[in-house]
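> the sequence and its predicted three-dimensional model are supplied below.
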Amino acid sequence: MSTPAWVSSPPIFRTPFLRAILPDYELRALPGPDVKAVVGWGLRSTSAVGRSWAAVFGKPYVALEDGFFRSVGLGEAGAASLSLIADDLGVYYDATRPSRLEELIAGAPEWLTEKDRDRARSLVDRIVAARLSKTNIGRPLDHGLLRSGRRILIVDQTAGDASIRFGGADEATFLIMLQTARREAAEAQLIVKRHPAAAAGLKRGCLPASALTGLTVVDDVLAADLLDAVDEVWTVTSGLGFEALLRRLPVRCFGQPFYAGWGLTRDEQPHHRRGHPRDLESLAAAVLFRYTRWVDPVPGEPCTAEQAVDRLAFLRDRAERLSGRWIGVGFTPPKRAAVRRLMNGPGTQLTFHDDPAAPMAADPGDGLLVWAGRETGAVAEVAARFSGPVVRMEDGFLRSRGLGSGFVGALSVAIDDEGVYYDPERPSRLESLIQAGEVPPELLARALRLRERIVASGLSKYNLSGLTPPPWPADRERILVPGQVEDDRSILLGCAPDLRTNAALVRAVRAEHPDAYLIYRDHPDVRSGVRVGALPAEAERLVDARADDLDISACIEATDAVATLTSLTGFEALLRGKRVIAYGRPFYAGWGLTQDRLPIPRRTRRAGLDELVAAALILYPLYVTPEGWPCEAEDLVDRLSEAPPPRPLPRPLRAALASMDRRRPPAY
C-alpha cells in the first residue's frame, strides 16, 4: 500500500514520470491529518517549509534528487531525468548526517550477495563501455590540448551547489585544491573542467577565471573523453569523482562526497561515521541498484538500472547523430511538426525554408535536410553545391497508424547521407549497410525477434484497419499484386520505362502466370482519389479478385506470393516468408531474397533476411513514440500493436490542425 505524502514544493509535480518512479507514495498537493510523509527537493530553500512541517509533526522527510546517470542534456535546460533518488533518512550529499546511501554502503557486508557483486561488476563495465556520464553531452576532446606525461583533471562545480556546503567545503576549498595541485604536481598538466551548466552560461563556477592562468581549461567536453585522457582526478564533491572510480582512476577528494571515506579515495578531510573500507562493487551496487530509482521514458515505467543504461546510451548516440544546425527544404507545413519530433535532440537546431535557395546563405558546418520526395531540380542543384552535410529524409517502413495524406504524422523516417533508398541509380546509406554485411550475431538475433514480433502483431507501414480476406482458392497459386501511386518516385526512378503503371504490372504478372489467381489491391491514396494510379477496365479483367478494403497483412498471409513494382508490400511479404517477384528495383531486391526482373549490378552481396531486417528496420530509420520520445523499432512495434486505429477527422480540419501543430517534443 502506498504512503500518503505531501509534495511540499508544487513544481515537483512537473517532474516527468514522477508517479511511476515513486509508486510507494500517494502524492498529494496539500498536507492533511492522514499524511504520513513529506516529499521535497533535497535541501533546497523551496523545500524548507516541508522540512519544517515534517519536523513539527514528526513525519519523515523524503528528499528527492537526480540520479547519478541522469539524462542526455542538462536538467537546467529541461532535459528529463531517467533516474531519481528518494531518501527518507538524509540525502546522499549531506555528509553532516547519515543518509540511506551511506547506510547501504556501510551495511554492504550484510546485504551484498555474490550475485549482487557480479551484477555490479557487469553494470560498471556496461556504463564504462557505453561511455556514459551524468548528462551525456559535450564535444569530443581536442587531443591537441594534451601534453605527454602525468595529467590531473581538476573538477570545478557550480557556485551554490548544495553538495559543496553539505560536503564540508566552500568556494575557498576549490582554490586550496588548485593551489595544492600547483605545489605538489608542478610537473603535471593540470586540466580544469568547468561544469556544463557554467559552460552553457546557466550558472557560475567556483573557480574564478583569474585563478586559471597557465592551466588547460575545458568546457563542454565529453566526460568519458576526459577520463580516458587523465591519470587521476581531483575534486571537491563532484559526481565526476564517482564516474572516475568506476573507471578505476585514482581520485583525491577535498570535500566529503558520498563516495569518499570508504578507502577508495585519497581524502583531505576525515569521515568520522564512515571509515569502513568498502570495495568498488559494494559502492556501485549500493548506488546504482539499491539507492537509485530508474525510469524508462518510452513506456514511462520503472525499469532496472541495466535497462536505463541501455536507453541512455541509445539516446546519447541518437543525439550525437542528429547534433548540429539543420536547414530543412521541401517540407510542407503539415510535415514539419512530425519532423521536429523525429529530429529532436539537445544539440539539434532545425529551421524550415520554403525558398530552396535559402540554404546557400547557411553558416559553415550547417547541414541541409531535404524531403526526398519533393526534391525539385532547384533543390537538387542547391544540394549539389551545398558545402555542409546533405541528408535526405523519407517516411520509414513502420510509419504510423494512418496515412500521410490523411495528415497522420510519421513516427519513423529514413535519413540518408548518401542518397535515398528508393533510387537504385546511386548508392544509399541503406544499400551500403546491406552491402557491407558484417552484422554482429546479437544484432541478427535482435532482427529475428523484431521480425517475429512484426509478423505476430500483423503490422505494416500504415497499419490501416481492414476486413479479413475471404477463402481464396487453394488449388491455384495465389499472387497478391499491390497497386502503387504511379507518380511515386520509387517507380519513376526504379522501374523500366515500359513498366511503370499498375496496369502494366497486372499485364506482366498475368502473362508470366496465366493460371495463377491474381488478387489486386489498390493503394489507399489512389482509392481515396488523392493520387494517380487507378486500374483501367482492360487490366481489371485480368485479375480474379480485389482486396481494396482488406487488411494488407492478412492478405499477404493468405497468399502464396507477391508481385510488385517497388511496393513496400514486397518487403512485408519477405518478413512473412513469402515468395516475392520484383518487376522494379526496390531496396529489398538484388540481394538474393527476391525473384528479380531487372538487374541491379551494384548489389553483389547475397544477404540473409535478418541482415536485411537489421539494416532496414534497426540501423537505418529514426523512430519516436506518439508522445515524441525517441525510441527504437521494438518500442514502436509495441505502441503500434497496442494503439487503436485513429478515428478520421474531416479533411479540412485535419489540414488545419496539421498546419497549426506547434507542440514541442519532450526534452531529453
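On my side now, so go ahead. Numbers count the residues shown, from 1 in each chain.

> per-residue pLDDT of Asp661, please?
At Asp661, the model reports a pLDDT of 45.

> export stretch 10-25 as CSV, just CAs?
Output in CSV follows, covering the C-alpha atoms of stretch 10-25 (Å, rounded to 0.1, in the frame of the first residue of the first chain):
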residue,chain,number,x,y,z
PRO,A,10,4.4,22.2,-6.3
PRO,A,11,7.0,22.3,-9.1
ILE,A,12,7.9,18.7,-8.2
PHE,A,13,4.6,17.7,-9.8
ARG,A,14,6.1,18.7,-13.2
THR,A,15,8.9,16.1,-12.9
PRO,A,16,8.4,13.7,-15.8
PHE,A,17,7.3,10.2,-14.7
LEU,A,18,7.1,11.2,-11.0
ARG,A,19,4.3,8.8,-10.0
ALA,A,20,5.8,6.0,-12.0
ILE,A,21,9.1,6.4,-10.2
LEU,A,22,7.6,6.9,-6.8
PRO,A,23,4.9,4.2,-6.7
ASP,A,24,5.3,3.7,-3.0
TYR,A,25,4.0,7.2,-2.3
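
> ok, residues contacting that stretch?
Applying CB atoms under 8 Å, 6 or more residues apart in numbering, the contact partners of stretch 10-25 are 2-5, 7, 27, 29, 37, 39-41, 46, 62, 64, 80-81, 84, 86, 293-295, 297, 300-302, 666. Yep, even glycine has a C-beta here, placed from its N, CA and C like the rest.

> residue closest to the middle of this structure?
Note on the chain: the residue nearest the mean C-alpha position is Leu315, at 3.5 Å, using CA atoms, centre = their mean.

> I'd assumed it was in a helix, is it?
Yes. Assessed with DSSP: H, G, I helix; E, B strand; the rest coil, Leu315 lies in a helix.

> so what's the residue nearest to it when sequence neighbours are not counted up against?
Spatial nearest neighbour of Leu315, chain neighbours left out: Val72 (4.5 Å); criterion: CB to CB, 6 or more residues apart in numbering. By CB under 8 Å, 6+ apart, the residues touching Val72 are 79, 135-137, 312, 315-316, 319, 345-346, 668.

> single out whichever of those has the smallest pLDDT.
For these, the pLDDT minimum is Tyr668, 67.

> Asp34: what secondary structure?
Quick answer, by three-state DSSP: Asp34 is coil.

> next one: phi and psi at the nearest residue to it once chain neighbours are set aside?
Closest residue to Asp34 apart from its sequence neighbours, by CB to CB, 6+ apart: Pro4 at 5.4 Å. Here is the backbone geometry of Pro4 (degrees, to the nearest 10): phi -60, psi 130.

> dig out what Pro4 forms beta bridges with.
Glu26 (DSSP bridges).

> just checking, it touches Lys36?
Yes. Pro4 is in contact with Lys36 according to CB atoms under 8 Å; the separation is 5.3 Å.

> higher neighbour count, those two?
Ranked by neighbour count (other CB atoms under 10 Å), Pro4 and Lys36 place Pro4 first, with 16 against 13.

> tell me who's in contact with that one.
So Pro4 contacts 25-26, 28, 32, 34-37 (CB under 8 Å, 6+ apart).

> return the member of the residues you listed nearest to Phe68.
Tyr25 (21.4 Å; CB to CB).

> now stretch 155-162, how far from the centre of its chain.
30 Å (CA atoms, centre = their mean, to the nearest Å).

> got the end-to-end distance for that stretch?
Start and end residues of stretch 155-162 are separated by 16 Å (CA to CA, to the nearest Å).

> in that stretch, what's buried?
For stretch 155-162, the buried set under the neighbour-count rule, 16 or more other CB atoms under 10 Å, comprises 155-159, 161-162.

> and the residues you listed as a markdown table, adding pLDDT?
What follows is the buried residues of stretch 155-162, written out as a markdown table (pLDDT from 0 to 100):
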| residue | pLDDT |
| --- | --- |
| Val155 | 97 |
| Asp156 | 96 |
| Gln157 | 95 |
| Thr158 | 92 |
| Ala159 | 92 |
| Asp161 | 90 |
| Ala162 | 91 |
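
> just the residues you listed: which are in strands?
Members of the buried residues of stretch 155-162 lying in strands (criterion: DSSP state E): Val155.

> need the buried residues of stretch 155-162 in JSON lines (columns: distance to Leu433).
Formatted as JSON lines, these follow (distance: CB to CB, whole Å):
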{"residue": "Val155", "distance to Leu433": "40"}
{"residue": "Asp156", "distance to Leu433": "42"}
{"residue": "Gln157", "distance to Leu433": "43"}
{"residue": "Thr158", "distance to Leu433": "42"}
{"residue": "Ala159", "distance to Leu433": "48"}
{"residue": "Asp161", "distance to Leu433": "45"}
{"residue": "Ala162", "distance to Leu433": "48"}
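
> can you classify the residue nearest to Leu315 by secondary structure?
coil.
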